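Engineer: Okay, here's the prediction I keep looking at, along with the sequence it came from:
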Amino acid sequence: MSTLDHSTLIKTALEAVLAGAKLAETAAANAQSVQQKDSLRDIVTATDLRISELLIERLGATGLPVISEEADASAHAQAPVAWVVDPIDGTVNFSHGLAPFAVSAGLVEQGEARLGVVCAPKLDEFYFTLNTEKALLNGRPFVHPHRGVSEALVAASFSARASSAQYELFQAVNDSGRGCLRTGSAALNVCWAAAGKLQAAYGFAAKLWDVAGALAIARAAGCELRLHRHADGLTVDYIVGSREVVQHIAQLAHDKQLWN
């Protein structure tokens, strides 16, 4: 059992993510200078870097290492306990003036997302956990309402260089329920699945910082979670949501040789 004081840690994370979200919301009104990283869809703005510095400073004050998308993550990739943060998940949306982006932080302990905070300031949505068994949206507790495949609206996230099999899976999921979306924010996909707005969210070869905070929220909300963490400690495959829908997507992914 963990000896960490989760109540103190989540209080620090709430304050840090809210401060970062305020920076993002203020900056969103202005044109963003953009730098490309590994692909045309993998970009960074000056605001990402400012929020990263803020989160590293505030969460680092807890004495735990902080893994950020916009900093050298390799040094702490195998740490038994660490904060994993994404200053802006959905930077492409953010840079184009679209609302689906979020600031997120998750506490990952022994490979499992234990606590999470995700704030989408332009949508007025603030998801967080109080502990490992209680998820809240804008201060109100919620649990995931499990539904079937016939009712399922799903969201998918793609890695910077997705395989053709991932696009084939997207079509199969889209055609077998009420549709499959690409929203541009993995963190929000998972949070929306947790809250029952979607019935599942999935991604392959996703970076841990994209979803660490959201996975903790989904777990606390009672979602079914299927996870595979890659050997680098920073990459993860995930399917999250209603039990029947998660099983259905896992089977389709297995058929495409994306899931064992």
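Structural biologist: Ah, there it is. Numbers count the residues shown, from 1 in each chain.
Engineer: who's in contact with residue 237?
Structural biologist: 203-206, 227-228, 230, 258-259 (Cβ atoms under 8 Å, 6 or more residues apart in numbering). C-betas here are computed from N, CA, C, even on glycine.
Engineer: Give me the phi and psi for the closest residue to residue 178 other than its chain neighbours.
Structural biologist: Leaving aside its chain neighbours, residue 178 sits nearest to residue 153 (4.5 Å; criterion: Cβ to Cβ, 6 or more residues apart in numbering). In terms of degrees, to the nearest 10, the main-chain angles of residue 153 are phi -100, psi 130.
Engineer: Next one, pLDDT for residue 153 please.
Structural biologist: pLDDT, residue 153: 98.
Engineer: and the gap between it and residue 173?
Structural biologist: In this view, residue 153 and residue 173 are 10 Å apart by Cβ to Cβ, to the nearest Å.
Engineer: same question, residue 122
Structural biologist: For residue 122, the distance to residue 173 - Cβ to Cβ - is 27 Å.
Engineer: who has more neighbours, the two?
Structural biologist: residue 173 (24 against 17; other Cβ atoms under 10 Å).
Engineer: Now the more buried one. Nearest residue, chain neighbours left out?
Structural biologist: Residue nearest to residue 173 in three dimensions, not counting chain neighbours: residue 180, with 4.4 Å by Cβ to Cβ, 6+ apart.
Engineer: can you give me the helices for the stretch 51-200 of the chain?
Structural biologist: Per DSSP state H, counting those that start in this stretch, the stretch 51-200 of the chain carries helices over the ranges 91-95, 164-176, 186-194.
Engineer: who touches both of residue 153 and residue 173?
Structural biologist: Shared contacts of residue 153 and residue 173 (Cβ under 8 Å, 6+ apart): residue 180.
Engineer: so what's the residue nearest to residue 173 bridging to?
Structural biologist: Beta-bridge pairing for residue 180 (DSSP bridges): residue 154.
Engineer: What separation is there between residue 44 and residue 168?
Structural biologist: Remark: distance between residue 44 and residue 168 (Cβ to Cβ) = 30 Å.
Engineer: out of the two, which sits in the busier spot?
Structural biologist: residue 44 (20 against 14).
Engineer: pretty sure that one contacts residue 68?
Structural biologist: No: contact status for residue 44 versus residue 68: not in contact, 11.3 Å apart, counting by Cβ atoms under 8 Å.
Engineer: Next up, the contacts around residue 178.
Structural biologist: Contacts of residue 178 (Cβ under 8 Å, 6+ apart): 150-153.
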